[in-house]
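Trainee: Fold the following for me, if possible:
(one chain, ligands or ions: 2)
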Amino acid sequence: MSITVSNITKTFGQQKALDNVSFSINKGEIVGFLGPNGAGKSTMMRILTTYYKADDGDAEVNGFDVLTAETNVQKSIGYLPEHNPLYLEMYVKEYLAFNVDVYQVPKSKIDSVIEQTGLTPEAHKKIGQLSKGYRQRVGLAAALLHDPEVLILDEPTTGLDPNQLVEIRKLIREIGKEKTILLSTHIMKEVEAVCDRVIIINKGKLVADKKLEELRESEEQIIEVEFDYRVEEQLLNQLPNVSSVKNTGGFVYEITFATSKDMRPAVFDFAHDNQLKTLQLSRKSKNLESLFSELTH
Ligand code: ADP
Ligand code: MG
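Mentor: Ligands and ions are numbered 1, 2, ... in the order given. Modelled structure (predicted):
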């Protein structure tokens, strides 16, 4: 197990930032840590990186306890903090050299992380001259220097433009082939684009922990169809995977299916088999985003 979190609770004053949260992450997984602002994502990440101490519960990274084996935990983790604080006056290589000294790894690692993170064309510049996307690459490069088992990335794509976003997600997926990654975000689409699994927290509590595949399978879809004549709801109910049928006025029906498979062809064939004409047919899928808003309401 790369990360194990057991019953972690953290309170700031009166406020419970984390309330009895447990999860574990296997080696090699890319897990999205999803939740609205203030849900407790950064707090959990700071506990895992040993910057905060939990009030209660245990956590282990790479088999090391965050309380009793702090140094080994830090050696096991590459951490990209929220807002990625960088020294803007430093040159890219100078900044990485500074980190090499801190981590005590060979200087040759600098060139390899520069290449790995696609920084080569910008590597001669000052950090302050770089776009936000390239600054994130510098943060990632620094996090990779000591070749950690686990990467903890706190909102790595916040503030990036759409092109940079795509590039950084691609890079994270690439890095994720060799590392365990926990990345926080408040964007559902990001999880869909990058992660194998999602852990959702809301107001300090864990509300979902699911493989993306499972989530997709649990999707529902609503098909709105208008026929040229009335049809018995009972008949529509016999279509495969139907969970409910509602007549919404005239000859318009809203059919909810519990499947992710597109059911429009089945509805179309149903009309044909029953001598009905299909005047309109549309599919509204209940996607991950609506699930997220349901869970974090
Ligand atoms: P997220 O990263 O999901 O947006 P955070 O973990 O930053 O959420 O914050 C969770 C809650 O804990 C918030 O209500 C926040 O105000 C509070 N919090 C976080 N850090 C501190 C701190 N150092 N002192 C006081 N309150 C804090
Ligand atoms: Mg945060």
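Trainee: what does the stretch 51-200 of the chain have sitting close to ligand 2?
Mentor: E82 (Cβ under 5 Å from the ion). Quick note: C-beta positions are derived from backbone N, CA and C, even for glycine.
Trainee: ok, A17 touching T43?
Mentor: Yes - applying Cβ atoms under 8 Å, one finds A17 in contact with T43, separated by 4.5 Å.
Trainee: Mutual contacts of the two, please.
Mentor: K10 (Cβ atoms under 8 Å, 6 or more residues apart in numbering).
Trainee: The two: which is more packed in?
Mentor: Remark: of A17 and T43, A17 carries more neighbours, 24 against 21, as counted by other Cβ atoms under 10 Å.
Trainee: Am I right that that one sits in a strand?
Mentor: Yes - assignment of A17 by DSSP: H, G, I helix; E, B strand; the rest coil places it within a strand.
Trainee: residues touching it, list them.
Mentor: Per Cβ under 8 Å, 6+ apart, neighbours of A17: 10-11, 40, 43, 204.
Trainee: Can you list which of those are found in helices?
Mentor: The helices, defined by DSSP state H, take in T43 from these.
Trainee: and the contacts of A17, which two are the farthest apart?
Mentor: Using Cβ to Cβ, the pair of the contacts of A17 lying farthest apart is T11 and G40, separated by 10.9 Å.
Trainee: more crowded one of the two?
Mentor: Of the pair T11 and G40, G40 is the one with more neighbours under other Cβ under 10 Å, namely 24 against 14.
Trainee: Just confirm the more buried one contacts I199, I think it does.
Mentor: No - in this structure, G40 is not within contact of I199 by Cβ under 8 Å, at 11.3 Å.
Trainee: ok, and what's touching stretch 5-16?
Mentor: For stretch 5-16, the surrounding residues in contact (Cβ under 8 Å, 6+ apart) are 17-24, 40, 43-44, 47-48, 52, 54-59, 204.
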